[in-house]
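Trainee: based on what follows, work out the 3D shape:
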Amino acid sequence: MARYLGVMSGTSLDGLDIALVEQTDRITLLDTHYIPMPGSLRSELLALCAPGPDELARAALAENGWVELAATGINALLVRNNLGARDIRAIGSHGQTVRHEPARGFTIQIGNPALLAELTGITVVGDFRRRDVAAGGQGAPLVPAFHEFLFGDANSHRAVLNVGGFSNLSLIEPGKPVHGFDCGPGNVLLDAWIHLQRGDTFDRNGDWAASGTLQQRLLDTLFGDTFFSARGPKSTGRELFNLGWLQSHLARLPRFKHEDVQATLLELTARSIIDALRAAQTRTNDLLVCGGGAHNRQLMLRLAALLPGTRVCSTADFGVDPDWVEAMAFAWLAHCCLEGIPTNRPSVTGARGLRILGAIYPA
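Mentor: Numbering: from 1, shown residues only. As a prediction, this is how the structure comes out:
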């Protein structure tokens, strides 16, 4: 029995998720802590996703700010559970992705694991993605192996869908290696558009999207991007799907009502997921949804409507809170690294073989 902490900061940049878990032959979520991302840090991390001046120094300062925030949250979680640094075997820290371009041979997650180890007194395992990229893989998604560990069933064809800023699928079929890939935008365009037009950070329950009308011409134009027709292994990020990408398409079309654009973006997210799932897995008994998208009622309804005959539900129905699957995954990845267990999946990322992921920073 060992306790681990998992720290996850996703592409939505809303905050840091910290999960305290116990690892035996299974994983148990003991407690959680969420820290909202300060506005100034969020703005700087977003800016670092695109080229700009003095990037090296700005990235170094931003990652130190990110680590200080993570250390504060870790300390609060430990105090609440009457635990000390010696009670935790390791922290699995994803860091914050600021660039992801595996086609050019790199992916960058800033998060200074050395400083996190120094501030917490706990061994840190970080830098999970680059070994897979070094082996010719996409470096993403990394969670399919964990999804298989949590939700694999010898008698059921399942898919696990994570909808954060971007969406990714894990395909779990009896007797086959787990398969998976990024589907495209999850919440990233929905969040960007509602923030631009209404100042909100997200579309609660998809209500604004539900007030609009799908614009087929716009949807067809967006689906014209070659990413959607490519087969996996594939991954994506803000380098491709961002507000500028959307606006470049809108500029070539008649003006649409703002809510109609939102309705069309929700359909883009739902359709890109279901089209990709159908192309990759002919039979799906259960589609388990985690991440922020699990709380978007309109998205969940569209997924179910587009996939009749399949049970579409939150991972909560299988005993795992959808908000904490990713943070738990990085705690598990830290455990596997320390135990020498490979956790990439060549069937997912396209890497040349199995690799042990993560770099260890001793306390």
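
Trainee: can you give me the strands for the stretch 251-363 of the chain?
Mentor: 286-290, 311-314, 359-361 (DSSP state E, counting those that start in this stretch).

Trainee: so what touches the last one?
Mentor: By C-beta atoms under 8 Å, 6 or more residues apart in numbering, the surrounding residues in contact with strand 359-361 are Ala90, Pro113, Ala114, Leu116, Ala117, Thr123, Val124, Val125, Gly126, Asp127, Cys337, Leu338. In short, each C-beta sits where N, CA and C put it, glycine included.

Trainee: count the neighbours of the first one for me.
Mentor: When neighbours are counted by other C-beta atoms under 10 Å, Ala90 registers 25.

Trainee: how about it, phi and psi?
Mentor: phi -170, psi 160 (degrees, to the nearest 10).

Trainee: just list what the one helix or strand Ser248 maps to packs against, helices and strands only.
Mentor: Per DSSP states H and E: Ser248 is located in helix 243-250. Packing contacts for helix 243-250, counted by 3 or more C-beta pairs under 8 Å, 6 or more residues apart in numbering; DSSP states H and E, involve helix 188-198, helix 216-222, helix 258-280.

Trainee: which of the strands of the stretch 251-363 of the chain sits closest to Gly6?
Mentor: For those, the distance to Gly6 is smallest for strand 286-290, at 13.8 Å, taking C-beta to C-beta.

Trainee: what's in contact with that closest one?
Mentor: When contacts are defined by C-beta under 8 Å, 6+ apart, strand 286-290 is touched by residues 151, 156-163, 277, 300, 303, 307, 310-315, 317-318, 320, 322-323, 325-326.

Trainee: surely Ser167 is within a strand?
Mentor: Yes. Checked against DSSP: H, G, I helix; E, B strand; the rest coil, Ser167 lies within a strand.

Trainee: so who does it touch?
Mentor: Ser167 makes contact with Leu161, Asp182, Cys183, Gly184, Pro185, Gly186, Thr269, Ser272, Ile273, Gly291, Gly293, according to C-beta under 8 Å, 6+ apart.

Trainee: just give me the closest of the residues you listed to Asn344.
Mentor: Asn344 has its nearest neighbour among these in Asp182, at 14.9 Å by C-beta to C-beta.

Trainee: ok so, going back, list the buried residues of the helix holding Ser248.
Mentor: Trp245, Leu246, Leu250 (16 or more other C-beta atoms under 10 Å).

Trainee: wouldn't the last one be in contact with Lys257 here?
Mentor: No. Between Leu250 and Lys257 there is no contact under C-beta atoms under 8 Å: 11.9 Å.

Trainee: which residue, other than its chain neighbours, is closest to Gln96?
Mentor: Ser9 (4.7 Å; C-beta to C-beta, 6 or more residues apart in numbering).

Trainee: how about the helices in the chain?
Mentor: Along the chain, the segments classed as helices by DSSP state H run 39-47, 55-80, 113-120, 130-134, 144-151, 188-198, 207-210, 216-222, 226-229, 243-250, 258-280, 297-306, 325-339, 346-349.

Trainee: which other helices and strands contact the second one?
Mentor: For helix 55-80, the packing partners by 3+ C-beta pairs under 8 Å, 6+ apart come out as strand 2-8, strand 15-23, strand 27-36, helix 39-47, strand 96-101, strand 106-110, helix 113-120.

Trainee: repeat that with 6 Å
Mentor: Counting contacts by 3 or more C-beta pairs under 6 Å, 6 or more residues apart in numbering; DSSP states H and E, helix 55-80 is packed against strand 15-23, strand 27-36, helix 39-47, helix 113-120.

Trainee: can you give me the pLDDT of Asn64?
Mentor: Looking at Asn64, its pLDDT is 97.

Trainee: in a markdown table: the buried residues of helix 243-250, plus pLDDT and distance to Phe330.
Mentor: Shown next, in a markdown table, are the buried residues of helix 243-250 (pLDDT from 0 to 100; distance: C-beta to C-beta, whole Å):
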| residue | pLDDT | distance to Phe330 |
| --- | --- | --- |
| Trp245 | 97 | 28 |
| Leu246 | 97 | 30 |
| Leu250 | 97 | 36 |
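
Trainee: let's have these in TSV, adding distance to Arg131.
Mentor: Output for the buried residues of helix 243-250, formatted as TSV (distance: C-beta to C-beta, whole Å):
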residue	distance to Arg131
Trp245	30
Leu246	33
Leu250	39
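
Trainee: closest to Ala210 among the residues you listed?
Mentor: Checking the buried residues of helix 243-250 against Ala210 by C-beta to C-beta gives Leu246 as the nearest, at 19.3 Å.

Trainee: burial of the residue lying closest to that closest one once chain neighbours are set aside, as a residue count?
Mentor: Nearest-residue entry for Leu246: Leu189, 5.6 Å, with adjacent residues in sequence omitted and distances by C-beta to C-beta, 6+ apart. Using other C-beta under 10 Å, Leu189 is surrounded by 25 other residues.
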